[in-house]
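Novice: Below: sequence and its predicted model.
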Amino acid sequence: MNDLVFLIGFPVIVALLMLLVKDKIRNYIVIISAIALGIASLYLLIIYFNKNTVFFDIPFEPTSKIMFIIEILLAVYILYLGITFKKYFTVALILLQAGLLLFLEMGLIPGIEPVNNLFIDQLSIIMAMIIGIIGSLICVYALGYMETYHNRHADIKDRRKLFFFILFIFLSAMFGIVFSNNLIWVFFFWEITTICSFVLIGYSRTPEATNNAFLALSMNLLGGVAFIAALIYIAIMDPSGKLFGLDSLISSGYALAIVPAVLICFAGITKAALMPFSSWLVGAMVAPTPVSALLHSSTMVKAGVYIIVRFAPVLALTTEGFIIAMVGAVTFLLASGIAISQSNAKKVLAYSTIANLGLIVACAGVGTYNLMWVAILLIIFHAIAKSLLFLCVGTVENRIGSKNIEDMGGLIVRMPKIAMMMFIGMAGMFLAPFGMVISKWAAIEAFITAPFGLIFIAILAFGGSFTVFYWSKWMGKIISVMRHQEVVEDTVKKEKWAVLYILTGLVVGVCLAFPLISTYLIEPFIMNIYGVTTRLSQANFAIMIMMICLLLIMPFSMLFYRTGSKHVSPYMGGRTMESEMRFSGTFGTMRELSLSNYYMEKYFGEDKVFYIGTLLCWGLLLIAGIILAGVVL
Amino acid sequence: MITEPVISLVNAVLFILLAPLAGGLIAGIDRKVTARMQGRVGPPVLQPFYDVGKLFEKENMVVTVTQHFYVLSYLVFMIVAGALFFSGGDMLLVIFAFTLSHIFLVLGAYASYSPYSHIGAERELIQIIAYEPMIIFTAVGMYMVTQSFNVSAIVNSGIPIILYLPGVFIGYLIVLTIKLRKSPFDLSTSHHAHQEIVKGVTTDFSGSNLGKIEIAHWYEYVFLLGVVYLFFGFSPVIAVAAIIIAYFLEILIDNTISRVKWQLTLRSAWLIAGTLGIVNLGVLYYLKGVIMP
C-alpha cells in the first residue's frame, strides 16, 4: 500500500520543491526523482505482477474532503481566468461542473463510506510503468530543452519553476488515476490532469497559446461534466455508495453500469482527443515539445484510453460499445488521412497520436477479449515510440530552428544519431516486426471474429495504408543524403542523449520482451475479466523475433560496403552539377536543387477531412446519447 | 516420418533456391510474349539471366553507400516474405514482411537526392498504399473461407476458394498489375523504355545493386503468383492453368493500355478494393451459415 501512496505522493513533494529551487539544484532533483520514480514503478512490477487484483483500504475521509476543497479552489481559479480572458464558454462549463460537484458532495455523498479506495492490477502496473519510466524520462529531457527554449525565445518569461511544478503534479495525478478504485477519486485526479494540461499548453502566454489552452480546457471540462453526471447517476441509483468502486461497478452488469460507463467513456473520448474533440490536441502543440511528448505518450490522452479500456467489459457486444468503437475507428481513418497532408512534424505526430488513440478505442469499444489484448499492447507500444519521436523532433527543432518536415532533408548527414533514432521510432510506428504492426496484425485477427468486424477491418486496411504513406515519406526525407552539410548535433546535452538512448532502446527492447509482457501482465489481466485469453502463436513469436534480429543485423552490412564503391552524383538528366546541390538551369543560371514530398492536399486537406470527421462523430455520439436517454427514462 | 516443420523448412529452402530461376524464366517468357505482341522477335528466353549476370560484373557505382544497405534489405526481406509464404506461414505476417521489403526499396530511392528517383519513390509509395488494402482483403477473405490465416491450412483445405471469392480474385488481379509493374499502373518504374522520370525508383541504382533489385523482382513474381495458386488450391492443374492465364492477361493489358496518372491509379485501386473486395467479403460474412459448411 505504501508503494502506491509513494508514487502518488512523492511527485507532489518534488513538485513543491520545484517551486523553491533554482536551475542547478533543480537539475539534480529532477534527475534523482526521475530515477526514484523509475525504480519505484519497477519495484511495483516485481511485487505485484503475479498478484492479480489487490485492494487497499485507504480511509475515504478526510482524503475526500481535502480533494473537494482543492477542486473548489481550482474551479474558482478557472472562473477567475475565464472571466479575465473573456472565455465565457469555459466559464459556463466550470460553473455547471462546480454546481454539479456541490450537489454531489453536499447532497448525495455524505454518509457513504466506500472501502477499497486504491487498488492495483496488471493494467495499473503497465500504466504505472509507462508513467513512471517514460513520464519521468520526459521530465529529465525537459531540463535541457527548457534551457535552450528560453535562450531562443527571449521574449517569453522564464516560468520554469511553475513548469516543473506542474510536470510533477501531472505525474502524480496520473498515478492517482490508475491506482484509484473509487470513481470519485478518479474524477479528482482526472480534473487535475485537465488543469495541468491547461497550464502547460498556455505556458508561453502568447495569444495563440492562451486560446489553445482554453480550447483544451473547455473540451476537457465538457468531458468532466459527463464524468460527474455519471457519478451523480451512480449516487442516485445506489445510495450505499458501493458502486463508486470501479470493480463493483464493472461487475454489476449491463443494466446498472451502462449509463455511467458511456458517460465516462465520453469523458475518455474528450480526453483522448478523438474526433470531434481532436482539435485541442492539435492545438496543444504550441506548448514546448516536452509537454507535447508528455501529453501524447504517458499522460493525459493515455488517461482517456485507460478509462475506456477499463470499461471495455461493460461495453463489450453492446450497441453503445459499438458506437464508441465506431467513433474510434472513424477517428483512426480520418486522422491518418489528415496526417498525409501535414508538413509540420509536430502536427503529423499529433494526428498520428489521434489516429492510434482512435484505434485503441475501436478495440476497447468492441471489447472482446482478444481486442482488449490488442488495445493494451497498442497503449504500450505507442507510448514508447511516440515519446521518442517527439523528443527527437524537439531536439531537431532546437538545432535547425524548424519543425517543418521539408527542412529535415539530409538529417542523416547533419544529425546522424538523432536521425537514426527517429528512424527507429518511426519504424516502431508502422513497420513489421515492430510493436504497432504486431498490434495491427492482432487487431485484424481479432476483429474478424467480432460482430460487424468487417467494417473495422476495412477501416484498418485503408487507415493502415495511410499510415504507411505518411511515415515512409517522412523517413525518406530524413535519410536522403545531401552532401556537404555540417554536422550540428554535437551541442546536444548529455542528459538529453541519455533519455533518447534509453527510449530508443525501449522501442526495440519492448518488441523483444513483448512475449514476456503478454504472458505475465496482459494475459492474466484478460483471463481475470473474461475467463479466456489470447496470444500470438509460438511459431509467430519466433518469426517476429527472428525478423527483429535480422533487422538489427542488416545495418552491419554497411561495414562490408564501406570501401570499394565509386561515388557519383545523383542523376540529373545530364545537367551540369555544382557540388552544393546546384545545377545549371537555362541561360547559364545556377539553380538550387530542392525536392519536396507529396501532401495530397486535395484529397486529405485538414479542414475538409476534419469537417467530415466532426459531422460523423457528433452524429455517432448523438445516437449514443439518444440510446442512453432511452435507458435512463 | 517427416514432420510438418521439416516440410515447411524444405519448402522455404526450395523457394530460396528455385524461385529466382522460375522468376527469371517468367521474366524471359514475358519479354518474348510481349515482343511477339508488338510484332518483334524478342530476346532469348534466358535473356534476363544474361542481363543480371552482366550487371554483377559492372563497376560498383553509388551515390551514397547507404544504397547498398537498402537494396540488400529489400532483397533479404523479399526472400523472407516469400519463404514465409511457401513454408505455410501466416498470411498477414507475409504481407507485413512484403510491405517492409518495399519500404526499403523506397528508402533506397529517397537516399540518393535525385529528382527522378525522388518522384519514383513517391509514386512507389502511392502504389504501395493503392494495393495494400486489397492484399489484406485477400488474406481476410481466405480466412473467412478456410478459418485460417496459415498458408498451409489454406492450401490444404481442399475448398475451391475461387467460388467464394470471385470479387476478391478480380481485385487481386488488378493490384497484381500494379505489383508486376505493368501498364497502366507502371508509374514508379517501367519495363518499357519511355518513362518521363527515366527509371523512377531505380534511376540511381547500377551494377550489382540493380542486379539485386532484379533478383528481388523474380522472387516477388513467384510469391505473387503463389497467391493466385491459393485461390485454386483444391486442384493443382487448374491452379497452374489459372496462373498462366492470369499472367497472359497481365501481359495483354500491359501492351494494350497506356499508362495512367497516379491519381487514377490510386482511385481505381481503392475503388476496386472498396467495392469488389468489401462487397464480396460482406456477402460472405452475412451468409456465413448459408453457403458455407
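Specialist: Yes, it's here. This is a predicted model, so every value here is computed, not measured. Residues are numbered from 1 along each chain as shown, chains lettered A, B, ... in the order given.
Novice: Distance-wise, check residue B:36 relative to residue B:253.
Specialist: Remark: distance between residue B:36 and residue B:253 (C-beta to C-beta, to the nearest Å) = 16 Å. Every residue, glycine included, has its C-beta placed from N, CA and C.
Novice: These two: which has the busier surroundings?
Specialist: residue B:253 (17 against 13; other C-beta atoms under 10 Å in any protein chain shown).
Novice: helices or strands up against the stretch of helix or strand that one belongs to?
Specialist: Assigned by DSSP states H and E, residue B:253 falls within helix B:236-256. Other helices and strands packing on helix B:236-256, by 3 or more C-beta pairs under 8 Å, 6 or more residues apart in numbering or on different chains; DSSP states H and E, are helix B:4-37, helix B:166-179, helix B:207-231.
Novice: would you turn the ones you listed into CSV with mean pLDDT and distance to residue A:501?
Specialist: Converted to CSV, the helices and strands packed on helix B:236-256 look like this (pLDDT from 0 to 100; distance: least, C-beta to C-beta, whole Å):
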stretch, mean pLDDT, distance to residue A:501
helix B:4-37, 91, 36
helix B:166-179, 91, 39
helix B:207-231, 93, 32
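Novice: Just send those back as a markdown table, with distance to residue A:252 too.
Specialist: Formatted as a markdown table, those follow (distance: least, C-beta to C-beta, whole Å):
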| stretch | distance to residue A:252 |
| --- | --- |
| helix B:4-37 | 48 |
| helix B:166-179 | 44 |
| helix B:207-231 | 48 |
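Novice: on contacts alone, who are the packing partners of the strand or helix carrying residue A:39?
Specialist: Using DSSP H and E, the element containing residue A:39 is helix A:23-48. The contact analysis (3+ C-beta pairs under 8 Å, 6+ apart) places helix A:23-48 against helix A:2-20, helix A:122-129, helix A:136-152, helix A:160-179.
Novice: among those, which is nearest residue B:190?
Specialist: Nearest to residue B:190 among those is helix A:136-152 (47.1 Å), distances taken as C-beta to C-beta.
Novice: That closest one: how far from the chain's middle?
Specialist: Relative to its chain's centre, helix A:136-152 lies at 19 Å (C-alpha atoms, centre = their mean, to the nearest Å).
Novice: for chain B, what helix or strand is lowest in average pLDDT?
Specialist: helix B:288-291 (a mean of 59; mean pLDDT, DSSP states H and E).
Novice: rewinding a little: for the helix holding residue A:39, buried residues please.
Specialist: Neighbour-count burial for helix A:23-48 flags A:26-27, A:29-31, A:33-34, A:36-38, A:40-41, A:44-45, A:48 (criterion: 16 or more other C-beta atoms under 10 Å in any protein chain shown).
Novice: swap in stretch B:139-150?
Specialist: Across stretch B:139-150, burial judged by 16+ other C-beta under 10 Å covers B:139-146, B:149-150.
Novice: restrict those to contacts with chain A.
Specialist: B:140, B:143-144, B:149 (C-beta under 8 Å from any C-beta of the partner chain).
Novice: Of the residues you listed, which is the nearest to residue B:67?
Specialist: Nearest member of those to residue B:67, counting by C-beta to C-beta, is residue B:149, at 34.6 Å.
Novice: ok, that closest one to residue A:192 distance?
Specialist: Taken as C-beta to C-beta, the span from residue B:149 to residue A:192 is 45 Å.
Novice: Could you list the low-pLDDT ranges of chain A?
Specialist: Under the criterion pLDDT under 70, the flagged ranges of chain A are A:1, A:484, A:579-580.
Novice: again with the stretch 1-150 of chain B
Specialist: In the stretch 1-150 of chain B (pLDDT under 70), the answer is B:1-2.
Novice: Quick one: the helices in it, in order.
Specialist: Along the stretch 1-150 of chain B, counting by DSSP state H, counting those that start in this stretch, helices occupy B:4-37, B:47-57, B:66-86, B:91-111, B:115-146.
Novice: Those helices into JSON lines, with extra columns for distance to residue A:114?
Specialist: Below are the helices of the stretch 1-150 of chain B laid out as JSON lines (distance: least, C-beta to C-beta, whole Å):
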{"stretch": "helix B:4-37", "distance to residue A:114": "55"}
{"stretch": "helix B:47-57", "distance to residue A:114": "74"}
{"stretch": "helix B:66-86", "distance to residue A:114": "53"}
{"stretch": "helix B:91-111", "distance to residue A:114": "45"}
{"stretch": "helix B:115-146", "distance to residue A:114": "46"}
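Novice: Quickly note the distance from the residue in the stretch 251-400 of chain A positioned nearest to chain B to residue B:118.
Specialist: Nearest residue of the stretch 251-400 of chain A to chain B: residue A:340, at 9.1 Å (C-beta to the nearest C-beta). As judged by C-beta to C-beta, residue A:340 and residue B:118 stand 17 Å apart.
Novice: I'd guessed residue A:534 sits against residue A:368; true?
Specialist: No - at 9.2 Å, residue A:534 and residue A:368 do not qualify as touching, with contact defined as C-beta atoms under 8 Å.
Novice: neighbour count winner among those two?
Specialist: A side-by-side neighbour count of residue A:534 and residue A:368, using other C-beta under 10 Å, places residue A:368 first with 23 against 20.
Novice: show me what contacts the closest residue in space to the more buried one that isn't next to it in sequence?
Specialist: In this structure, residue A:368 finds its nearest non-sequential neighbour in residue A:450, 5.3 Å apart by C-beta to C-beta, 6 or more residues apart in numbering or on different chains. Listed by C-beta atoms under 8 Å, 6 or more residues apart in numbering or on different chains, the contact partners of residue A:450 are A:366, A:368, A:371, A:456.
Novice: next one: residue B:31
Specialist: Applying C-beta under 8 Å, 6+ apart, we find residue B:31 in contact with B:42-43, B:47-48.
Novice: Might one say that residue A:445 is in contact with residue B:93?
Specialist: No - counting by C-beta under 8 Å, residue A:445 does not reach residue B:93; the two are 10.6 Å apart.
Novice: ok, the two, which is more surrounded?
Specialist: A count of neighbours by other C-beta under 10 Å puts residue B:93 above the other of residue A:445 and residue B:93, at 28 against 20.
Novice: Contact partners for the more buried one?
Specialist: A:432, A:441, A:540, A:543-544, B:84.
Novice: With neighbour count, secondary structure and distance to residue B:52 added, can I get these in CSV?
Specialist: Formatted as CSV, the contacts of residue B:93 follow (neighbours: other C-beta atoms under 10 Å in any protein chain shown; DSSP: H, G, I helix; E, B strand; the rest coil; distance: C-beta to C-beta, whole Å):
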residue, neighbour count, secondary structure, distance to residue B:52
A:432, 28, coil, 28
A:441, 23, helix, 34
A:540, 21, helix, 34
A:543, 20, helix, 29
A:544, 23, helix, 32
B:84, 26, helix, 24
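Novice: Quickly name whichever of these is closest to residue A:612.
Specialist: Of all the contacts of residue B:93, the one with the least separation from residue A:612 (C-beta to C-beta) is residue A:441, at 28.1 Å.
Novice: Next, count neighbours for the closest residue to that closest one other than its chain neighbours.
Specialist: Among residues not flanking residue A:441 along the chain, residue B:92 sits closest, at 5.0 Å (C-beta to C-beta, 6+ apart). Using other C-beta under 10 Å, residue B:92 is surrounded by 22 other residues.
Novice: ok, now the one 3 residues further on?
Specialist: Counted by other C-beta under 10 Å, the residues lying close to residue B:95 total 23.
Novice: quick one on the thing from earlier: quick check: which element contains the residue nearest to residue A:368?
Specialist: Short version: residue A:450 belongs to no helix or strand, going by DSSP H and E.
Novice: Check residue A:583 too.
Specialist: Going by DSSP H and E, residue A:583 is in strand A:582-584.
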